[in-house]
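# Quick one: sequence and predicted model below, then my questions.
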Amino acid sequence: MDHLAHVSNQPNTQPQSQISHLALDIGGSLIKLVYFCRYDDSCRDDDELRSQNESLGSKSDNSRPVLGGKLHFAKFETSKINDCLEFIHSMKLHLGGFHDCTAPSSDKIFIKATGGGAYKFADLFKEKLSVSLDKEDEMECLVTGANFLLKAVHQEAFTYLDGQKEFAQIDPNDLYPYLLVNIGSGVSMIKVDGDGKFERVSGTSLGGGTFWGLGRLLTKCKNFDELLELSHQGNNRVIDMLVGDIYGGTDYAKIGLSATTIASSFGKAISDNKELVDYKPEDISRSLLRMISNNIGQISYLNALRFGLKRIFFAGFFIRGHAYTMDTISVAVNFW
Amino acid sequence: MAGNSIHRSGSRPQLDLSKAEIQGNSEERDPTILLPNQTDDISHLALDIGGSLIKLVYFSRHEDQSVDDKRKKTVKERLGISNGNRRNFPVLGGRLHFVKFETSKLNECLDFISSKQLHRGGIDSHHWNSEASANENAVIKATGGGAYKFADLFKERLGVSIDKEDEMDCLVAGANFLLKAIRHEAFTHMEGHKEFVQIDHNDLFPYLLVNIGSGVSIIKVDGDGKFQRVSGTNVGGGTYWGLGRLLTKCNSFDELLELSQRGDNRTIDMLVGDIYGGMDYSKIGLSASTIASSFGKAISDKKELQDYRPEDISLSLLRMISYNIGQISYLNALRFGLKRIFFGGFFIRGHAYTMDTISFAVHFWSKGEAQAMFLRHEGFLGAVGAFMSYQKHGLDDLMVHHLVERFPMGAPYTGGKIHGPPLGDLNEKISWMEKFVLKGTEITAPVPMAPPGTTGLGGFEVPSSRGATLRSDASALNVGVLHLVPTLEVFPLLADPKMYEPNTIDLSDHKELEYWFTVLSGHLPDLVDKAVASEGGTDDAKRRGDAFARAFSAHLARLMEEPAAYGKLGLANLLELREECLREFQFLDAYRSIKQRENEASLAVLPDLLLELDHMDEETRLLTLIEGVLAANIFDWGSRACVDLYHKGTIIEIYRMSRNKMQRPWRVDDFDLFKERMLGSEGKKPRPHKRALLFVDNSGADIVLGMLPLARELLRRGTEVVLVANSLPALNDVTAMELPDIVAEAAKHCDVLRRAAEAGGLLVDAMNNNSLDGSRGNSSSVPLMVVENGCGSPCIDLRQVSSELAAAAKHADLVILEGMGRALHTNFNARFKCEALKLAMVKNQRLAEKLIKGKIYDCVCRYEPAT
């Protein structure tokens, strides 16, 4: 969903100054900001969203008039929370945004926030920005967000297999139930049955955090994107033990495993006399990516199977529109 | 095919039976069968050659110890047991051995095979060895990747061909066999607590088998040979070791595993609490300590790889992988509606933390619905399966009761590692034990339980460090030799064999274990004295005695530390272990001379006792007889209190004193019930029992002045009597081999006994003499017989008794269990299909308190009608 840069809104009424224009998702590794910038005429573009605009925001906003304007998306690494605070401060987002310098006394200000950091950093926000964080349940926000986007944004969902991206038309009336797999630092798997009707059915600790954490330790990459980038040029066969490696290059046809199936991720690192420095970071990154994507795909599939769900939506910062990641997850789901 | 002399049958399958003929007189007991068309050399050996370990399973026949004693022959005639009983049982008695070698030390393995001539069918098959050595057709079944890789080497070094078996076939066949054949094969492991699970082999399928090797295979097993690989994951043991090697500087899998023991994954993993500021995310049931993201902390920290402790990395990896495997396995179990998941494969290695993590994951995701179980022989699934693939060896039909697992001692063991191959030779064993002590290794160190001819241990390279480092579990999950005794059977008179639990005292209560540890340790010096004396007190005997003491102490210490080391531990097992350990150091009968002395002394006063009894009225006599059994049961060398008594008086003095103290009511006193059954009430004469089985206990006064007179009374009433005694010596217990002589001696003074013994074939010589005289005497008596019980322990597990006892039980309607070992320590709670009388004097204060809320020397006379 990261590729969605801006969602515009039709002006309806005048802004109310007490409504915060900012919402936060403070995760284990990333802080995601969504903030609203009041509509100035130059921003007008997407007409098609007009009809759905009433569902924007958290549900408590339902009865309230919605401002016309632009929805901005920004993210920071959680470890650099100070940069984030700085950003909010400089933009005066916590005061209702740029144009609204007439905000009331700041101790009444609430910012909607979700993610574990909403609890963890509440004091910090109070201290630095003098705002209170109004904690929204993480899963609820996630599901609400997904439901909104899947319904509201044309071509929000797509499939990805063998490098081919294909948009899926989702009939808003036939959306439920589906499995929402949110891949953040860890992975949450949520069965969504309708608006506000959902259950976290599973999850795994092998997620984006694992990819980036292990990747950082194994390569000298400085950031997540660099690591992801590296994986493009990698060849996982150098490190992974394939079925063919075990069965002398042949398939284990009896049980339907082809020679190129990964039998054991990082399995070749066992027997070689090579040390860490002898492996190319590209290969490591690729191997890691496949391991984690595969695993997520498999567990998601097993959970979808369990509840008889045909649709699995993958989301979260780990994906980042990264082609290979999506491919691997798709392959895993297909395979199983 | 019948009989023991077919040296190539049994484990040697695929015999070409065409033109088979019985050689010689077919009336002979064990005629040799000639198999002229049998040419192929089929091995007793199967291999699983993996990437890091070679697992061997091989079969060795029991040496034919069966002394052809007259008792056995006649018992068989009497009870109608012919060798034909085993007719349908092509498996000969023998032992299944489990051995491991590191694949990198393949040559050691080849030497081992070669020295034992395993590829030729084992050294015990001299019969055909000479002719076979020229045979180049020998084929060994093998599985695992190395079966291909090393095929040429085997051909070159041993001249044998490797017949490659499918890995998954072997895995499943091995698991099925072990789960069916071994009583305590499967166990659960939660929070460091191990619990054995008894699996009804009729209710085994379907189950999920998760084999964790380099990768993970998840197999749904529906029956023998019926299975399907339904899933798997590429995140397995190879991932752990591969990533671990790259991230730490560990040189071996075990080193990495050991590191994890001291690790703290919180420094690397991102926990729910890290995200939620130390709080749980209770709404969705995630506690603060749940791992949100494995290695997630390595993201944001400024730390580099070298700033993390390898211990923490290892633990983090281990948790990530184990947890993931547990989860995927559970999801698959769910998918197919399976409740049981068995985990095996080299990744586990009996490592407590790994098992805990997997169990936790399964428990967590299934909300307790599904159960993760592990196998004691997990490393040997493939090898056992390959062995099974010889097929037609009849092992398929084996039942749990045919197998006895043993853990004898004796492999070179230093620095926490077994350095194989193990010691088969007694002398080596002893000198190794001596060295073990000289080196100053504390006696409490875990000791090799490797039996001769196998390592028996969890492997040569098992990390055996204990306690603080790797939990002792890793080395403790020992694998013993499986003794295959096809003649063992479940005692047919057990009311509910499935629910039967021999042990009365649960040793999983640590206090209880501690107590028995103290008792057995305290008794040890005296036992060693007796043992050494029994072998003439020579220097050699002394050396062996010392070695035995050390070995047994080490066994005890081992069990104190890890009670489930050899499977579920009961008092019966502990007492049997001691006897096994004595035999291991070739003390075949430590109490031989004592038993003899006491038998003679008791037999000398028997006529007086019988005379005394014969002057009593029926009722008094019956009471006196039961009193006599209880009083005579005081002669028990297994009891510390009684050993002390012996120093104070002669046998007869003690016996009389003991009998005089027999004040009714006894602590458990069903005598009146029993009396009514025997003598009837209000003039009604009850019908006598048809056949009584008397499980006897000690030699000397116990058998001669206690049980024999009772037997005599039963015989008089027209009840057939079968004396059931140990097959092998245990303490001063009388054995089945000794009984005929004792009975013969007693019969000299008693007509009833003489005639019954003759009728029972116990006095063969006398009988023969009589026949020669032409006067067979009065043979109208009911018979007195002797059968062996199939065991060599002071206790008895009625799930595994000799076939002759099982046959004798068929017509029995009364079972009398006598003595602490057989009536209290075991079988106190056992229920029988027929009437049962349990008689014992409690010669142990603690047991008295625990079992009958009484005191030492209290008596138990428990009579139970048939259920």
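Thanks, I have it.
# How are the strands of the stretch 1-150 of chain A distributed by residue range?
Secondary structure of the stretch 1-150 of chain A (DSSP state E, counting those that start in this stretch): strands located at A:7-9, A:22-26, A:30-38, A:69-77, A:110-114, A:132-135.
# what's around residue 205, how many residues?
Reading this off chain A. Using other CB atoms under 10 Å in any protein chain shown, residue A:205 is surrounded by 26 other residues. Just so you know, the C-beta spots here come from the backbone N, C-alpha and C atoms, and that holds for glycine as well.
# Not quite, go with chain B.
17.
# now the stretch 151-300 of chain B, which segments are flagged as low pLDDT?
For the stretch 151-300 of chain B, the stretches with pLDDT under 70 are B:277-286, B:300.
# Kindly report the same for the stretch 1-150 of chain A.
Across the stretch 1-150 of chain A, the ranges flagged by pLDDT under 70 are A:1-20, A:37-70, A:95-108.
# domains of chain A?
A:6-136, A:208-239+A:279-335 (automatic domain parsing).
# secondary structure element for residue B:45?
Using DSSP states H and E, residue B:45 maps to strand B:42-49.
# May I see the buried residues of the longest helix seen in chain A?
Using DSSP state H to define each element, chain A has its longest helix at helix A:281-306. Judged by neighbour count (16 or more other CB atoms under 10 Å in any protein chain shown), helix A:281-306 contains these buried residues: A:281-304.
# Over to stretch A:168-185?
Buried-residue list, stretch A:168-185, by 16+ other CB under 10 Å: A:170, A:175-185.
# Any idea how far apart the tips of it sit?
27 Å (CA to CA, to the nearest Å).
# Residue most distant from the centroid, chain B?
Distance from the centre of chain B peaks at residue B:302, with 56.1 Å (CA atoms, centre = their mean).
# what's the domain layout of chain B?
B:15-63+B:92-122+B:137-179, B:180-389, B:506-585, B:591-764+B:781-864 (the TED database).
# Assign the residue farthest from the centre of chain B to one of the three secondary structure states.
Using DSSP: H, G, I helix; E, B strand; the rest coil, the structure places residue B:302 in coil.
# Excluding covalently adjacent residues, which one is nearest to the residue in the stretch 1-150 of chain A that chain B sits nearest to?
Using CB to the nearest CB, the closest approach of the stretch 1-150 of chain A to chain B is made by residue A:116 at 2.8 Å. Excluding the flanking residues, the one nearest residue A:116 by CB to CB, 6 or more residues apart in numbering or on different chains is residue B:275, at 2.8 Å.
# For burial, what's the neighbour tally of the one you found?
31.
# cool, and residue B:621?
18.
# Report pLDDT for it.
Residue B:621 is assigned 94 on the pLDDT scale.
# can you pull the contacts of it?
B:613, B:713 (CB atoms under 8 Å, 6 or more residues apart in numbering or on different chains).
# do that again at 6 Å, thanks
Going by CB atoms under 6 Å, 6 or more residues apart in numbering or on different chains, residue B:621 touches residue B:613.
# per-residue confidence at residue B:771?
pLDDT, read off for residue B:771, is 41.
# Can the longest helix of chain A be said to contact chain B?
Yes. Helix A:281-306 lies within reach of chain B by CB under 6 Å from any CB of the partner chain, at A:295, A:302, A:306.
# mind listing the helices for chain A?
Using DSSP H, helices in chain A cover A:81-91, A:117-120, A:122-129, A:138-152, A:208-218, A:224-232, A:243-246, A:268-271, A:281-306, A:323-335.
# tell me which parts of chain B are close to chain A?
So chain B meets chain A at B:145, B:214-215, B:229, B:234-236, B:238-239, B:241-243, B:245-246, B:270, B:275-277, B:279, B:284, B:291-296, B:298-300, B:305, B:331, B:334 (CB under 6 Å from any CB).
# Select from the residues you listed every entry located in strands.
Those of those mapping onto strands are B:229, B:270, B:291-293, per DSSP state E.
# got TSV for those residues, with neighbour count and distance to residue A:211 too?
Compiled in TSV, those are given as follows (neighbours: other CB atoms under 10 Å in any protein chain shown; distance: CB to CB, whole Å):
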residue	neighbour count	distance to residue A:211
B:229	18	28
B:270	29	12
B:291	26	15
B:292	28	14
B:293	32	9
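# of the residues you listed, closest to residue A:242?
Distance to residue A:242 across those (CB to CB) is lowest for residue B:229, with 16.7 Å.
# from what I can see the residue nearest to residue A:116 touches residue A:28, true?
Yes. With contact defined as CB atoms under 6 Å, residue B:275 counts as touching residue A:28 (4.5 Å).
# Show me which pair in the ones in strands among the residues of chain B next to chain A is furthest apart.
Going by CB to CB, the pair spanning these furthest: B:229 and B:270, at 33.7 Å.
# Might you list the low-confidence residue ranges for the stretch 651-800 of chain B?
Scanning the stretch 651-800 of chain B for pLDDT under 70 picks out B:651, B:764-779.
# Tell me the residue of it that sits nearest chain A?
Residue nearest to chain A within the stretch 651-800 of chain B: residue B:799 (38.0 Å; CB to the nearest CB).
# Please identify the helix or strand for that residue.
Assigned by DSSP H and E, residue B:799 falls outside every helix and strand.
# neighbours of it, just the number please.
Around residue B:799 sit 19 other residues, with neighbours defined as other CB under 10 Å.
# What about it? Give its phi and psi, please.
Note on residue B:799: its backbone torsions stand at phi -80, psi -10 [degrees, to the nearest 10].
# Could you report the separation of the residue farthest from the centre of chain B from residue A:216?
To residue A:216, residue B:302 is 11 Å away according to CB to CB, to the nearest Å.
# same check, this time on residue B:752
Plainly put, residue B:752 is 91 Å away from residue A:216 if you go by CB to CB.
# Of the two, which one has the most company?
Just comparing residue B:752 and residue A:216: by other CB under 10 Å the higher neighbour count belongs to residue A:216, 23 against 18.
# Name the nearest residue to that one, ignoring sequence neighbours.
Ranked by CB to CB, 6+ apart and with sequence neighbours excluded, the top spatial neighbour of residue A:216 is residue B:298, at 5.5 Å.
# Just list the residues touching the one you found, thanks.
By CB under 6 Å, 6+ apart, the contact list for residue B:298 reads A:213, A:216-217, B:268.
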